[in-house]
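Student: Got a predicted structure here, sequence first:
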Amino acid sequence: MNLAYAVLWGLLATVAMTMVLRASQGFGWSRLSIPLLVGTFVTGQRDRAVVWGYLLYAIGGWLFAFVYFLLFDSVGIHTWWFGALAGLVHGVFLLVSVLPLLPFIHPRMASEYHGVTAERQLEPPGFMAVNYGYGTPLTTLAAQTVYGAVLGAFAQLAN
Amino acid sequence: MLETDFITDSGSARLIDLMPIDDGGRSLRPMREVLRAIEGMAGTVEIELRLDVRPDYARRNLRPRRRGRLGWTCLWGDEVLVVHTDIALQREGDALVGTVTLGAGERRYLSLAYTKGDPAVLPPLGRHAEERIADTIAWWRDWTGRCQYTGPYRDEVVRSAVTLKLLTYTLSGAIVAAPTTSLPEAIGKGRNWDYRYCWLRDAGLTTEALLATGYREEALSFLGWMLHATRLSWPELQVMYDVFGRTRLDEKELTHLAGYAASRPVRIGNDAYRQRQLDIYGEVVTAACAALAGNGRLDRESAHMLTGLGDVVCRQWYESDCSIWEVRGPLRHYTFSKVMCWAALDGLLKLHDDGALVLPTAKVELFGRERAAIEQAIEQRGFNAALGSYTSVLDGDKVDASLLLMACIGYKDAGDPRMRSTYDLIHQRLGRDGLLNRYERFDGIAGVEGAFGICGFWAIDNLAKRGDLDAAERRFRHMLSFANDLGLYAEEIDIASGAALGNFPQAFTHVGLINAAVAIERARA
């Protein structure tokens, strides 16, 4: 696999995933803003948090692409649909495990147990992130599936 | 901020309502929050709290969700309302209810934070709420302290400027006519309209009021919104836009709502946006002239845009329209519409003379020629020699209060014999108890409307500009007596009772108050 191309496709997959998530917000299907959640790890200033969030999120998505490539190589399946399936599983994992855990690790997120403080004011996502709207599980899964499918498609072309 | 004292048999309590000032993204504070603090002042007072959230004009029923120590949330679509309070709440049907007994010095807080499209921010209470209250007070003190009006009516002028600021959509600079819909102009009749939009009609006078009180930033912001919003329909202008600059504002009736004092229908949207009003070209150009006076040359885009408006005026000034009063009937040749067409061309030529706008020679000649033609039409056909007055329509015999603006905008000197006699006839036909109706014509809509607040202030402006200071001040104080206990005005005033009628508070009336107070002060100087 060509490293430069892998870097390019990792970026493309991240862009595609971000577009799905932003479109979901824009169309009013979900209030989930991963850039805001990520950015507020770094700063408590809303305007800067969004910028930081996009930057860190893009870098994270880019790097995570290599985990997917590793997965494709390890099982020997290099197809778009396997990438989509991996993305879907990844999305489920995010929704049921990672996002509900955020209040315990995010420095600016409130929790239903500890309440609101001067530092912790962000609304927690809750199970399956439904606190951010009932459409959030579907839009998150769609975004992750697109991400995996783009990476799988690249792996398919490269092999 | 609003403080309300409640006095009961057992004691008294003070309620503070405010919308905390957003700090422009420098923290995670909610962008939209209503914060209430209730404090026992003496004895004990039992406070009942009831919150029944009915979004989408009460077309949705919401069941609040308990969120542990985060309070309660009401979620619909991509919108969420977070209810956070230190008063214990419980559900009663779809409502949240709670009761607390407060002794002297005890304080409780209620925060309603609204978020659309993003994860919500949950504002903390206690001392953090106090910080938001203190920050908001400091912000408003600073803002009102910048008011440059120093005359005897400073409190009233500041109150009006604050009202205009509160009617401004911060993100765009647009100023809505009023924050309400369908508060009736005649109780129990159909004169109920949606005023939550921005009328270009108000532009010139609003800009003038903001500039006269020293709020240049707000004036430029409003002008910027106006020039931006009107790009969608340029070079033609639409009567009104929403705060985002959207042009489709279709009117609908909400038949499930009874309306204020059983005044149906309740309307959302406003079909006046389809009307043709030729006066708005003059309003926009006048606003631009006022805001840009003495500030060098216009940028290329603004210059191109304003010149385009002049071209439209040249093509259309002799056509009929619905007038500043948005009469829903046959189009007519309203004199005031012609006056504002004159004002548009006059303003552009002044900008050219000042070097702010460079017009080609042919354009200068065209604008000058058409300005003269408009003036000739106004003076020959808009003035009825038999009545000794300008008239509402060309070749007409009725008057309307917009003719008073001929002096306010500088078309005619307020002391000119024609203006004086017009002033007198307007008062003879439209005046009652020191107030003015806007016109004498039946407009085809059921119910008798009240006197128009702003028309009373235009009359004061005329008096001040022609040097009748005593009369102007006497009349101004009389107008002040119709404000409510907070110094606020609706669009209209019921002549019999003095009660406010129509949407509330009304930006245009407060604009009139400011401009009249400034006119008195300038005449005194």
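Tutor: That came through, no problem. Residues are numbered from 1 along each chain as shown, chains lettered A, B, ... in the order given.
Student: what does chain B have sitting close to chain A?
Tutor: Proximity of chain B to chain A, by Cβ under 8 Å from any Cβ of the partner chain, involves residues B:24-29, B:67-70, B:73, B:75, B:77-78, B:80, B:82, B:84, B:115-125, B:128. No exception for glycine: its C-beta is placed from N, CA and C like everyone else's.
Student: Using neighbour counts, give me the buried entries of these.
Tutor: When the residues of chain B next to chain A are checked for burial by 16 or more other Cβ atoms under 10 Å in any protein chain shown, the buried set is B:28-29, B:67, B:70, B:73, B:75, B:77-78, B:80, B:82, B:84, B:115, B:117-125, B:128.
Student: Now do residue B:16: how many residues are near it, please.
Tutor: 18 (other Cβ atoms under 10 Å in any protein chain shown).
Student: And residue B:232, by the same measure?
Tutor: Neighbour count of residue B:232, defined by other Cβ under 10 Å: 11.
Student: got the contact list for it?
Tutor: Listed by Cβ atoms under 8 Å, 6 or more residues apart in numbering or on different chains, the contact set of residue B:232 reads B:245, B:247.
Student: Just list the residues touching the residue nearest to residue B:137 when sequence neighbours are not counted, thanks.
Tutor: Distances taken as Cβ to Cβ, 6 or more residues apart in numbering or on different chains place residue B:1 nearest to residue B:137, at 6.6 Å, with adjacent residues excluded. Residues counted as contacts of residue B:1 (Cβ under 8 Å, 6+ apart) are B:16-18, B:133, B:136-137, B:140.
Student: Quick one: buried ones out of these?
Tutor: B:16, B:18, B:133, B:136, B:140.
Student: Identify the single longest strand in chain B, thanks.
Tutor: Using DSSP state E to define each element, chain B has its longest strand at strand B:32-51.
Student: how far is it from where the chain is centred?
Tutor: Relative to its parent chain, strand B:32-51 has a centroid offset of 30 Å by Cα atoms, centre = their mean, to the nearest Å.
Student: show me where chain A has helices.
Tutor: A:3-26, A:34-42, A:46-75, A:80-93, A:99-105, A:136-158 (DSSP state H).
Student: Kindly state which of those is positioned closest to chain B.
Tutor: Chain B lies closest, by Cβ to the nearest Cβ, to one member of these: helix A:46-75, at 3.4 Å.
Student: What's the local residue count around the residue lying closest to residue A:139 once chain neighbours are set aside?
Tutor: Leaving aside its chain neighbours, residue A:139 sits nearest to residue A:24 (3.7 Å; criterion: Cβ to Cβ, 6+ apart). Residue A:24 sits with 24 neighbouring residues when counted by other Cβ under 10 Å.
Student: Could you verify my assumption that residue A:109 touches residue A:103?
Tutor: Yes: counting by Cβ atoms under 8 Å, residue A:109 does reach residue A:103; the two are 4.8 Å apart.
Student: and for these two, which residues touch both?
Tutor: A:120, A:124.
Student: and the buried ones among the contacts of residue B:1, which two are the farthest apart?
Tutor: B:16 and B:140 (13.1 Å; Cβ to Cβ).
Student: give the contact list for the residue lying closest to residue B:192 once chain neighbours are set aside.
Tutor: Excluding the flanking residues, the one nearest residue B:192 by Cβ to Cβ, 6+ apart is residue B:182, at 3.8 Å. Contact analysis of residue B:182 by Cβ under 8 Å, 6+ apart lists B:192-194, B:259-260, B:263, B:265-267, B:503.
Student: Then residue B:505?
Tutor: Here residue B:505 is in contact with B:163, B:167, B:178-179, B:488-490 (Cβ under 8 Å, 6+ apart).
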